[in-house]
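[1] quick one, fold the following:
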Amino acid sequence: MPPPFAVAAATAGAVVLTVIWGYAMWGALVHGNDLGLPTGGFALLAGCYAPLVLWGPLLLAVTWAYHRRRSGG
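    Numbers count the residues shown, from 1 in each chain. Take a look at the predicted model:
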């Protein structure tokens with residue numbers, strides 16, 4: 001697979017993941033506990049899903065590192 005294709009695909013994926021999980025976190029912050037969960041249950045749910053917000057930016061970071069390594073710059 002050519003590196004430019006891999007970098008483009010991973011960058012697109014990172015942007016999509018950032019938008020998806022950012023929107024989900026925004027909804028959770030704005031609407032709060034609209035699932036009818038007890039406070040502790042909602043806190044546990046939010047704590048478990050919160051790291052997903054980092055998935056997109058971290059994928060973008062490793063994509064950039066891959067691009068630098070493969071392009072020699």
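[2] who are the packing partners of the helix-or-strand element of the chain with minimal mean pLDDT?
    Every helix and strand of the chain was ranked by mean pLDDT, DSSP states H and E. The lowest is helix 39-49, at a mean of 89. In terms of contacts (3 or more Cβ pairs under 8 Å, 6 or more residues apart in numbering; DSSP states H and E), helix 39-49 is packed against helix 3-31. Every residue, glycine included, has its C-beta placed from N, CA and C.
[3] and the helix it packs on, what does it pack onto?
    helix 39-49, helix 55-71.
[4] which one, of these, ends up nearest to Val7?
    With Cβ to Cβ as the criterion, Val7 lies closest to helix 55-71 of the helices and strands packed on helix 3-31, at 4.7 Å.
[5] ok, and what's touching the closest one?
    Helix 55-71 is contacted from outside by 3, 6-7, 10-11, 13-22, using Cβ atoms under 8 Å, 6 or more residues apart in numbering.
[6] burial measure for Leu17, as a count.
    The burial count assigned to Leu17 is 19, neighbours taken as other Cβ atoms under 10 Å.
[7] and Ala50, by the same measure?
    Around Ala50 there are 12 residues (other Cβ under 10 Å).
[8] once you drop chain neighbours, what's closest to Leu52?
    Distances taken as Cβ to Cβ, 6 or more residues apart in numbering put Trp21 closest to Leu52, at 4.7 Å, once the chain neighbours are dropped.
[9] before we move on, the earlier item: return the most buried member of the helices and strands packed on helix 3-31.
    The highest mean neighbour count among the helices and strands packed on helix 3-31, using mean count of other Cβ atoms under 10 Å, belongs to helix 55-71: a mean of 14.
[10] I appreciate the help and will end here.
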